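Enquirer: Structural data only, the sequence is not supplied:
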């Protein structure tokens, strides 16, 4: 794990990808990076993050919803999503982590790539609900061809136990596949990919330290397990893309 001396080294920290990392991303549709911000910044953002999720249903500016719930569900919190952090919390808008996420996306997609939006997904301690295998493109618009990537940053160490990202390579699932509402329930807030169309044995788990990141395409199939730990699993997600492809 990183310590204080690492934070000192990273005061002017910027992420420069190697050609090998760029090639790996384009081959597999995802990339894992050990660190894109400092421990100090992570520690400063965690209290803001946790406060945002307190009484989350009463904060319409964040367009809150439980991804594992149903329409109108007021039950137990499972997988909570809050949108537009940068619009509502200036500390995220001006953060090093957001700036580095955008810089990474530009290196992967080119100079037309820019910040589009950001959101957060929290899995409370002991929430054992998986986030089903899915492709973000299905949520955005299955008929569109967005050039967009998502930079997923954990604000604590993540493993398979508490819900790190897991991916299928685009070599194994090269394009959008059919989804249906989770558990075939039309009232569900979540979509899940048809499991007959891919082999879960080929999945790649990406455990990370706090302040690391995974980056994936909109068509990259991915999954996170439930949170089997005693602490919340906090993820901050920055979406970047070419706006000309999103009209």
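Expert: Yes, it's here. All of these numbers come straight from a predicted model, not from anything done at the bench.
Enquirer: Spatially central residue in the chain, please.
Expert: residue 152 (3.3 Å; Cα atoms, centre = their mean).
Enquirer: just checking, that residue is part of a helix?
Expert: No - read with DSSP: H, G, I helix; E, B strand; the rest coil, residue 152 is strand and lies in no helix.
Enquirer: Tell me which stretches of the chain form helices.
Expert: For the chain, the helices defined by DSSP state H cover 4-9, 19-28, 39-53, 85-88, 90-93, 96-109, 136-140.
Enquirer: before we move on, back to that, any idea how far the residue nearest to the centre of the chain is from residue 57?
Expert: Separation of residue 152 from residue 57 (Cβ to Cβ, to the nearest Å): 24 Å. All C-beta spots, glycine's among them, are computed from the backbone N, C-alpha and C.
Enquirer: same deal with residue 214?
Expert: For residue 214, the distance to residue 57 equals 29 Å [Cβ to Cβ].
Enquirer: One more: residue 177?
Expert: 33 Å.
Enquirer: quick one: which of the two has more around it?
Expert: Just comparing residue 177 and residue 57: by other Cβ atoms under 10 Å the higher neighbour count belongs to residue 177, 19 against 11.
Enquirer: Hmm, residue 126 is touching residue 232, no?
Expert: No - if you go by Cβ atoms under 8 Å, residue 126 and residue 232 don't touch, sitting 9.6 Å apart.
Enquirer: quick one, which of these two is more surrounded?
Expert: Shown here are residue 126 and residue 232; by other Cβ under 10 Å, residue 232 has more neighbours (22 against 12).
Enquirer: isn't that one right next to residue 120, touching?
Expert: No - in this structure residue 232 lies outside contact range of residue 120 using Cβ under 8 Å: 10.8 Å.
Enquirer: Overlap in contacts, the two.
Expert: Common neighbours of residue 232 and residue 120 (criterion: Cβ atoms under 8 Å, 6 or more residues apart in numbering): residue 53.
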